[in-house]
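K.L.:
sequence first, predicted coordinates after that:
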Amino acid sequence: MPSPKRKRPAGLPPKAGVVVFSDVDGTLLDFHTYSAKAAAAALRELKRLNVPLVLVSSKTKAELEELRKGLGIDAPFVSENGGAIFWPKSSVTVKPKGAKLVDSYWVREFGTPYASLRKALVAFRESNRVKCEGFGDWSSEVVSKFAGIPQPLAKLAQQREYDEPFVFNPVPPKDVLDRHLKLLASDGLTVSQGARFFHLSGPSDKGLAVRELIDWYAATAPVKPRTLAIGDSPTDWPMMAACDIGIAVKQPDGRYHPSLRDHKGIRLAGAPGPEGFNRMILRLLKQLL
Ligand SMILES: [Mg+2]
C-alpha cells in the first residue's frame with residue numbers, strides 16, 4: 001500500500017519522468033517457465049503510473065510483438081540485443097533520429113545483417129574445426145528444445161535479423177573457450193553471453209540502443225526522465241551503464257551472474273527473474289514518483 005503522502009488524487013494525469021528498460025528472458029520472464037506472473041503487481045503499477053516499459057531483449061521482433069501484445073505494452077522496444085529499436089508508428093509524434101518507416105514501425109537499425117553473421121560463424125567453425133551451432137543450423141524442433149519454448153514460438157525466434165544465438169557442443173575447457181571467443185569476436189563482430197546462449201552480433205549492444213532511446217525520451221518530454229535498467233546477464237550490463245539506476249536480478253540458481261562483481265554500483269534485487277523485477281520496480285517507483 002502506498003503511504004498517504006505518496007498517494008495522488010484520482011483523475012490527475014500520471015507523473016512522467018521515469019522510463020524502465022527491461023531484459024526479458026530470466027528477468028521479466030521466468031527462466032524456466034517464461035511466465036511474467038510473479039511480476040504482475042509491478043506491471044500493473046507501471047501501467048497505472050503510465051511509466052513506459054521498454055523491452056530490451058535478445059528476442060526477435062516477432063517474439064517481442066507477441067509478448068507485448070500479451071502484456072498490453074505499447075512502448076518502443078529493442079530486439080536482438082540492441083540490433084534495432086522499433087517505435088510503434090501510432091504512438092510517435094516526432095520522427096526518431098535516423099529511423100525509417102517499415103510497416104507499422106519507425107525503425108532505427110544498429111545491427112549487422114543476419115546473413116553476414118551466419119557467414120562469419122560458419123567460416124569460423126570450418127577454419128578452426130570448432131563444434132559450434134546456432135539457430136540458423138537448427139530446425140524449429142531443435143530451437144524449441146534448446147530454448148525450452150513451444151515450437152510455434154521457436155519459429156518466431158528463428159526470424160532473426162541482427163543476432164545469432166549459438167552454443168559450443170561439447171563445451172571446451174575455459175582456456176580453449178576464451179581463445180575461440182576472442183577469435184570469433186574479431187573483424188567488428190561481438191560475442192556476448194546471455195542466459196542460455198552465446199550471441200554473435202555486430203558492434204551493436206543493448207547500451208547503444210538504450211542511450212538512443214533515452215535521448216529520444218528526453219527530446220519528447222519536458223524533463224529528462226530518470227532511467228532504470230534491469231537484467232540478469234552480461235548482455236545487460238551495457239544498458240545498466242547507460243541508465244541512472246541498474247538493477248540485477250538473481251539467476252535461476254539463486255546467484256548473481258559471476259561477472260557482476262566487475263560492475264560497480266548495480267543494485268541487487270535479492271530474488272531471481274520476475275520476482276526480483278516485481279520487488280525492485282515496486283520499491284523504486286515508490287521512491288522516485
Ligand atoms: Mg536475460
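P.N.:
Looks like it arrived, so ask away.

K.L.:
closest residue of the chain to the ion?
P.N.:
Across the chain, no residue is closer to the ion than residue 26, which sits at 3.8 Å (CB to the ion). C-beta here means a position set from N, CA and C on the backbone, and glycine is covered the same way.

K.L.:
just checking, that residue touches residue 250?
P.N.:
No - with contact defined as CB atoms under 8 Å, residue 26 and residue 250 do not form a contacting pair (9.3 Å).

K.L.:
overlap in contacts, those two.
P.N.:
Shared contacts of residue 26 and residue 250, defined by CB atoms under 8 Å, 6 or more residues apart in numbering, comprise 232, 272, 273.

K.L.:
for the first one, give me its contacts.
P.N.:
Neighbouring residues of residue 232 by CB under 8 Å, 6+ apart: 23, 26, 27, 195, 248, 249, 250, 251, 257, 272, 273.

K.L.:
in helices only, show me these.
P.N.:
For the contacts of residue 232, the ones inside helices are residue 273, with DSSP state H as the criterion.

K.L.:
TSV for the contacts of residue 232, including pLDDT and neighbour count?
P.N.:
Compiled in TSV, those are given as follows (pLDDT from 0 to 100; neighbours: other CB atoms under 10 Å):
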residue	pLDDT	neighbour count
23	97	30
26	95	26
27	97	30
195	76	21
248	98	26
249	98	30
250	97	20
251	94	19
257	94	20
272	97	22
273	97	29
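
K.L.:
and the shared contacts of residue 26 and residue 250 near the ion, which?
P.N.:
residue 232 (CB under 5 Å from the ion).

K.L.:
wait, which of the shared contacts of residue 26 and residue 250 is closest to residue 48?
P.N.:
When these are ranked by distance to residue 48 (CB to CB), residue 273 comes first, at 22.3 Å.

K.L.:
now for the least confident helix or strand in the chain by mean pLDDT, which elements pack on it?
P.N.:
Here the helix or strand of the chain ranked lowest by mean pLDDT, DSSP states H and E is strand 190-193, holding a mean of 90. Where contact means 3 or more CB pairs under 8 Å, 6 or more residues apart in numbering; DSSP states H and E, strand 190-193 is packed against strand 198-201.

K.L.:
got the contact list for the next helix-or-strand element following the strand it packs on?
P.N.:
For strand 198-201, the following helix or strand on the C-terminal side (DSSP states H and E) is helix 206-220. Identification of contacts with helix 206-220 by CB under 8 Å, 6+ apart yields 19, 21, 23, 52, 54, 56, 76, 78, 81-85, 93-94, 96-97, 108, 110, 224-225, 227, 229, 231, 235-236, 238-239, 241-243.

K.L.:
now list the buried members of these.
P.N.:
Applying a neighbour-count criterion of 16 or more other CB atoms under 10 Å, the buried members of the contacts of helix 206-220 are 19, 21, 23, 52, 54, 56, 76, 78, 81-85, 96, 108, 110, 225, 227, 229, 231, 235-236, 238-239, 241-243.

K.L.:
list the contacts of the residue of the chain closest to the ion.
P.N.:
Listed by CB under 8 Å, 6+ apart, the contact set of residue 26 reads 195, 232, 233, 249, 251, 252, 272, 273.

K.L.:
if we go to 6 Å?
P.N.:
Residues touching residue 26, when contacts are defined by CB atoms under 6 Å, 6 or more residues apart in numbering, comprise 195, 232, 273.

K.L.:
ok, it to residue 46 distance?
P.N.:
Look at residue 26 and residue 46: by CB to CB, to the nearest Å, they are 19 Å apart.

K.L.:
count the residues that sit near residue 59.
P.N.:
Applying the criterion other CB atoms under 10 Å, we find 28 residues in the vicinity of residue 59.
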